[in-house]
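Please find the sequence and the predicted model below.
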Amino acid sequence: MLVLKGDVVRTSSGLSGEVMEVWGIARLWARLRQDDGQTAFILRTDVTEIVKRLPAKKGK
């Protein structure tokens, strides 16, 4: 699943929060800021649902 910075996601382990950054080539990782303020590092393959995504920016 394609996960972008700023997405609010839910993982297979039950964590939910906002994606702060994403990185990696072979194994894609993301830093997740949970609702209670803690930070968790997750594999992007563990994301089961994108709860909210910011709208795309429009050009001129």
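Yes, it's here. Numbering: from 1, shown residues only.

Pick out the residue closest to the middle of this structure.
The centroid of the chain falls nearest to Val19 when counting by C-alpha atoms, centre = their mean (3.5 Å).

surely that one meets Ala30?
Yes - because the distance of 5.1 Å satisfies C-beta atoms under 8 Å, Val19 is recorded as touching Ala30. From N, CA and C alone the C-beta is placed, and that goes for glycine too.

Quick check: neighbours shared by these two?
3, 9 (C-beta atoms under 8 Å, 6 or more residues apart in numbering).

Okay, and the beta partners of the nearest residue to Val22 once chain neighbours are set aside?
Leaving out its chain neighbours, the residue that sits closest to Val22 by C-beta to C-beta, 6 or more residues apart in numbering is Ala30, at 4.7 Å. Taking DSSP bridges as the rule, Ala30 bridges to Val22, Ile42.

Pull the contacting residues for Ala30.
With contact taken as C-beta under 8 Å, 6+ apart, Ala30 is in contact with 3, 9, 19-23, 41-44, 47.

Pull out the buried members of those.
Taking 16 or more other C-beta atoms under 10 Å as the criterion, what is buried in these is 3, 9, 19, 42, 44, 47.

so how many other residues sit close to the nearest residue to Thr11 once chain neighbours are set aside?
Among residues not flanking Thr11 along the chain, Asp46 sits closest, at 4.7 Å (C-beta to C-beta, 6+ apart). Close neighbours of Asp46, defined as other C-beta atoms under 10 Å, add up to 16.

per-residue confidence averaged over stretch 45-56?
The average pLDDT for stretch 45-56 rounds to 90.

Could you check it and say which residues are buried?
Buried positions in stretch 45-56, judged by neighbour count with 16+ other C-beta under 10 Å: 46-47.

Which stretches in the chain count as helices?
Applying DSSP state H to the chain gives no helices.

Check what pLDDT the residue nearest to Val47 when sequence neighbours are not counted gets.
The shortest distance from Val47 to any non-neighbouring residue, by C-beta to C-beta, 6+ apart, is to Val9 (4.9 Å). pLDDT recorded at Val9 is 96.

still on that earlier bit, and the residue nearest to Val22, how far is that from Leu4?
10 Å (C-beta to C-beta, to the nearest Å).
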